[in-house]
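Asks: With the sequence up front, the predicted model follows.
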Amino acid sequence: MEEGEFSNIEDELENVKKGDTILHLNYKGLKSLPPCLLTDICYRNLKIIYAKRNRLMCLPEYLNQLFNLVELYLPSNNIKTIPDGICDLRNLESLNLCDNELNHLPAVIGKLKKLQKLQVSVNKLKCLLSCIGDLCNLKTLELMRNDLSTLPVSLCQCERLETLNLDYNRLTTLPRHFWRLTSLSELSVCGNNLINLPQTFASKGSSSNLRCLFVDKNPALHVLPLSLIHVDIGNFQSCRRNDPLGVLPGAVELVVPYKEILVPIVMPPEVRNITTPWKSVPSLQELGLRATGALRSKFMDFKDFDEMLDSLPCNLKSLLLDPTAFCQSCLQEVYVSALPEVVLDQSIFYLGFCCSVKCAVQISLMYSTNFGINIVYPLCMPVI
C-alpha cells in the first residue's frame, strides 16, 4: 500500500464513524479498499459502498466483516476475481461490477439469497455457472458485452427475474426453459447471433408478463415466436440480413416464399419432424411423448412416476419437463413433431406450432377474422 493512499478519503471515513451508513469512494484513484473497513468495528454498520472508477484489482477476502452491506457499487475498476468471502454478505441486495476484468463468477455467489440486482456487464465472462439459479430473489440481471455463447438452464429457476439484458454476446439460441420465467417483463438480446427464439416464452398459452423484447442486430433471426406477436420487439428490421440456412447442423429448415424471395425459417433444434395438412399424423415418438407428458401432469406428485422419469435418457426427461412448444390453440404440449403455422404481420413473420389440423384451422380463423392478420398457408416447403 502506497504511503498516504487513503489520505484523500479521511473525511468520508470519519462520516461513517459518526453514523453515516453510506461510504462515498467514487473517483478516488484507490488501488484497494481501506483495510480499516475490515478491522475497525466502527464500520460494521456500513450498508452501501460506492467506489466507481478507481483502480481496484481485487476485493479483500474477509468481506464478511461488513455483514450489514446492502449494496456494493464497484463499476469501472480493474477487478479480475471476486473472493469466496462475498458469500457471507447475506444482506446484500445489489452488486454492480460492470466494466471490470472478470472472466468468471464464483460458485458461492448463489448463496446471496437476498440479492435482487446483479450487474456484470462489460466484462470477459465466457460462461455462467449453474449456481446462478440459486439466486431466488434476483429481479435484475445485466450481462451485456461479455463473451457468453450459452446460458445455463438453471437460470430459469430465477422465477422472480423481471429484467434480463444479454446484449452483445455470442448467443445463438436461448433455453426453451424460459417459459418458467413468468415474472420476466423485459428481455434484451440485441447484437447476438440468434437464429431462433424459444417457442415457450408464453407459459401454457398465458401472455406472461413479457412486455418488451429487444432483438435488434441479430442478422440470422428471420422469424419470431407467434406468442410474441403483441409484444414490443424494437427494431426488427436490423435483423434478417444473412441467410441462416445450414448454421444449425441437423436442424429442420424451411422456407416461405415472400415478395419474390425465400424467407428462411429455422425450426427449434428439438423439432425433428414437420407435419402438413396433407400428412398430419404426428410421429410415433411424438405421440409417445404426449402420452407420457399427460401422465406426468396427472401423476406428477407420485414418487413412482418420478422414478420412472429418472430412468429415461437425460434428453428425453428434459424434453418431457420442458416441452419445445405449446399448441397455439389447445395448449397441448409439443415435443419433436408439429404442424407449423406462419403468420405475417406488418412484414414480420411469426412462427407457431399446432398439434393438429383442427387447431391450425382455428388459429388461422382467429388471426384473420379478429386481427386481420395474414396467415401464410400452405405454410412452407422443406429445404433439401
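Replies: Thanks, I have it. Residues are numbered from 1 along each chain as shown.

Asks: Check which helices and strands whatever helix or strand Leu344 lives in sits against.
Replies: Using DSSP states H and E, Leu344 maps to strand 337-345. Contacts defined by 3 or more CB pairs under 8 Å, 6 or more residues apart in numbering; DSSP states H and E place strand 337-345 against strand 253-258, strand 273-274, helix 284-299, strand 348-354, helix 357-370, strand 374-376. The C-beta positions use only the backbone N, C-alpha and C, and glycine is treated the same way.

Asks: elements contacting the fourth one?
Replies: Counting contacts by 3+ CB pairs under 8 Å, 6+ apart, strand 348-354 packs against strand 223-225, strand 261-266, strand 325-326, strand 337-345, helix 357-370.

Asks: what's the helix or strand following the third one in contact with?
Replies: By that I understand strand 325-326. Sequence order places strand 333-334 as the next helix or strand after strand 325-326, per DSSP H and E. Residues outside strand 333-334 that contact it (CB atoms under 8 Å, 6 or more residues apart in numbering) are 199, 286, 289-290, 293, 323-327, 353, 355.

Asks: pLDDT-wise, what's the bottom of the residues you listed?
Replies: In terms of pLDDT, Gly293 ranks lowest among these, with 81.

Asks: Give me the number of neighbouring residues for the closest residue to it other than its chain neighbours.
Replies: Counting by CB to CB, 6 or more residues apart in numbering, Gly293 lies nearest to Glu333, which is 4.8 Å off, once chain neighbours are set aside. Glu333 has 23 neighbours, counted by other CB atoms under 10 Å.

Asks: Pairing-wise in the sheet, spell out the partners of Glu333.
Replies: Phe326 (DSSP bridges).

Asks: Over to the one 10 residues further on?
Replies: Here Val343 shows beta-bridge partners Tyr350, Ile375, assigned using DSSP bridges.

Asks: Extract the C-alpha trace of stretch 329-349 and format it as PDB.
Replies: What follows is stretch 329-349, C-alpha atoms only, in PDB (Å, rounded to 0.1, in the frame of the first residue of the first chain):
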ATOM      1  CA  SER A 329     -54.900 -23.400 -29.900                       C
ATOM      2  CA  CYS A 330     -55.500 -26.200 -27.300                       C
ATOM      3  CA  LEU A 331     -52.200 -25.800 -25.300                       C
ATOM      4  CA  GLN A 332     -51.200 -29.400 -26.000                       C
ATOM      5  CA  GLU A 333     -47.600 -29.900 -25.300                       C
ATOM      6  CA  VAL A 334     -45.500 -30.300 -28.400                       C
ATOM      7  CA  TYR A 335     -42.100 -32.100 -28.400                       C
ATOM      8  CA  VAL A 336     -40.500 -33.300 -31.600                       C
ATOM      9  CA  SER A 337     -43.200 -33.200 -34.300                       C
ATOM     10  CA  ALA A 338     -45.700 -30.500 -35.000                       C
ATOM     11  CA  LEU A 339     -47.600 -28.600 -37.700                       C
ATOM     12  CA  PRO A 340     -46.000 -25.100 -38.000                       C
ATOM     13  CA  GLU A 341     -48.100 -22.100 -38.700                       C
ATOM     14  CA  VAL A 342     -46.500 -18.900 -40.100                       C
ATOM     15  CA  VAL A 343     -48.300 -15.600 -39.500                       C
ATOM     16  CA  LEU A 344     -47.300 -12.400 -41.400                       C
ATOM     17  CA  ASP A 345     -48.000  -9.100 -39.600                       C
ATOM     18  CA  GLN A 346     -46.500  -5.800 -40.800                       C
ATOM     19  CA  SER A 347     -43.700  -7.500 -42.800                       C
ATOM     20  CA  ILE A 348     -42.700  -9.600 -39.700                       C
ATOM     21  CA  PHE A 349     -43.000 -13.400 -39.800                       C
END
